[in-house]
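Sequence and predicted structure are below.
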Amino acid sequence: MTGIARFVMQGPRQAILLAVLFAAIPLLYWISAAVVALVILRQGLNKGINVLLPALLPGIAWYAAQQEFTVCLVILGTAMMAAVFALNRVIIECDGQFYGCGCIRCFSCYRCLVQFWIDVLQQGG
């Protein structure tokens, strides 16, 4: 796994290649999800989205062929958890002190995200 992480961190092409490749192989889509989460946590959400979108293509193909949505669900769920964890890390680094407007904006986005998912879960998915 360390070798995969080093290869992924070499650049966006390598990350996209491995994310798409592992998403296309049955029962290895969880490695694709780990690649996407690693990019989000190490390089930020903007670069992570650039890896996430191509990684979802094999999942969409699986859904079209076999009505199996697991690949997309695992990759999207892991990416969302990584994004929320990265946001929590930013809030914790603020250490309770709001430096300018940025931390307040992050905190309000986090609260909106939590409220959104509470509403979705209460509606039953």
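Yes, it's here. Keep in mind it's a predicted model, so treat the numbers as computed, not measured. Numbering: from 1, shown residues only.

The chain: helices as residue ranges?
Per DSSP state H, the chain carries helices over the ranges 2-8, 12-24, 29-43, 45-66, 70-94, 102-122.

highest average neighbour count across the ones you listed?
helix 29-43 (a mean of 22; mean count of other CB atoms under 10 Å). For the C-beta atoms, the positions are set from N, CA and C on the backbone; glycine is no exception.

any idea of the mean pLDDT in it?
The pLDDT scores in helix 29-43 average 92.

what comes into contact with that helix?
The contact list for helix 29-43, computed with CB atoms under 8 Å, 6 or more residues apart in numbering, reads 1, 4-5, 8-9, 15, 18-23, 47-48, 51-52, 55, 58-59, 70-71, 74-75, 77-79, 81-83, 85-86.

on that earlier part again, which of the helices of the chain comes out lowest on mean pLDDT?
For the helices of the chain, mean pLDDT drops lowest on helix 102-122, to a mean of 64.

got the contact list for residue 56?
23, 72, 75-76.

likewise residue 54?
So residue 54 contacts 16, 19-20 (CB under 8 Å, 6+ apart).
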